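Asks: Predicted model follows, preceded by the sequence.
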Amino acid sequence: MTELPVAAAAAAAAAFPVVFFDGEQEVEIGTVAVHPVLGFKKFQAVISQKIGIAPHQISTFLVRRKKARTSPEVRRKVPIDESSDFAAIARGGEK
């Protein structure tokens, strides 16, 4: 695998908000940059550091929030796991 130049890698990254949900409440933690060459284990480690919980104890999802006519907000959760396509996520796509 070849490495991208720093400027190209930064330009290709997409920032996503990190929200921790403990089963009762949501807490905004900050943002995480998703790069096309990012791997799941690295992504999991970054999230783990942000929320302070071991990587094997968390599940991660990409949550799309869209305004809808029928309800004020519709959420669509896409699981992030070993099979996730981080290049598609960075472009604004999914898995």
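Replies: Now that the structure is in, tell me what you want to look at. Residues are numbered from 1 along each chain as shown.

Asks: most centrally placed residue in the chain?
Replies: In the chain, the centroid-proximal residue (C-alpha atoms, centre = their mean) is Leu62; its distance is 5.3 Å.

Asks: so who does that one touch?
Replies: Applying C-beta atoms under 8 Å, 6 or more residues apart in numbering, one finds that Leu62 lies in contact with 16, 77-78, 80, 89, 94. (Glycine included, C-beta is placed from N, CA and C.)

Asks: Please identify the buried residues of stretch 35-44?
Replies: By neighbour count with 16 or more other C-beta atoms under 10 Å, stretch 35-44 contains the buried residues 35-36, 38, 43-44.

Asks: Centre of the chain to that stretch, how far?
Replies: Remark: stretch 35-44 is offset 9 Å from the chain centroid, using C-alpha atoms, centre = their mean, to the nearest Å.

Asks: Quote the end-to-end distance of that stretch.
Replies: Taking C-alpha to C-alpha, to the nearest Å, stretch 35-44 runs 13 Å from one end to the other.

Asks: How about stretch 18-35?
Replies: Using C-alpha to C-alpha, one end of stretch 18-35 lies 15 Å from the other.
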